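J.: Just to be clear, the model below is a prediction. Sequence and coordinates:
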Amino acid sequence: MEYPQCRLKAGFTLIECMVVLLIVGIVGVYAVPAFAKLMSGRQIANAADSLHRTIKLARSEAVIRGRPIRICASIDGARCSGNRDLGVGWIAYVDLSPQRFRHQMDPIVTVQSPMKHLSILYNRATEILINAHGRIGLNGSVNICDNRKLHPPMRLVVVHSTRIRKSERGTSCPAV
């Protein structure tokens, strides 16, 4: 007695593969932009938190040391670049020298690396000055903008007492 031979199917047909790729493509069209927007919002929030922590640390250091602290944009983490955009990175340093720029004897309190795809602009000057009493030199605001325009910008309002308030309403960013 002979038994019929059973053949097992191995693999997928071309049509099955094409259907799966079509479904993956459709999901990707909707998921990738939403994920990019989510990541952009998270990046803006992280930049705001980092700047907030830097200002609070600078305030504390200014009061402890009895010297002003300056926060400025820095590309190399050692010198102020003179740029208004803190998105390139920033440093906070103790201002011991009479110059308005960081001298090599001015100790650095903290360094922030560049924030990719972000512009962080203080509307009052090229640096944030915190005096020896822990007060901000000029009231102002810092706009944090995604250069790709994937997420609405955020504004940090900084007042004389170094109190910081976050706001997204009415915030605009210059064209980059």
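T.: Cool, the structure landed. All of these numbers come straight from a predicted model, not from anything done at the bench.

J.: Now do the helices in this protein.
T.: 14-65 (DSSP state H).

J.: Go ahead and flag the most central residue of it.
T.: residue 47 (3.0 Å; Cα atoms, centre = their mean).

J.: so that residue touches residue 116, yeah?
T.: No - counting by Cβ atoms under 8 Å, residue 47 does not reach residue 116; the two are 10.0 Å apart. Heads up, the C-betas are built off the backbone N, CA and C, glycines and all.

J.: who does the lowest-mean-pLDDT helix or strand in the chain pair up with?
T.: Ranked by mean pLDDT, DSSP states H and E, the weakest helix or strand in the chain is strand 164-167, scoring a mean of 84. Next to strand 164-167 in the sheet, as set by DSSP bridges, lie strand 154-158 (antiparallel).

J.: quick one: buried residues of the strand it pairs with?
T.: 154, 155, 156, 158 (16 or more other Cβ atoms under 10 Å).

J.: what do you get for stretch 64-76?
T.: 67, 68, 69, 70, 71, 72, 73, 74.

J.: and the nearest residue to the last one once chain neighbours are set aside, what does it touch?
T.: Closest residue in space to residue 74, ignoring its immediate chain neighbours: residue 91 at 4.3 Å, by Cβ to Cβ, 6 or more residues apart in numbering. With contact taken as Cβ atoms under 8 Å, 6 or more residues apart in numbering, residue 91 is in contact with 71, 72, 74, 77, 78, 80, 102, 108, 109, 110, 111, 112.
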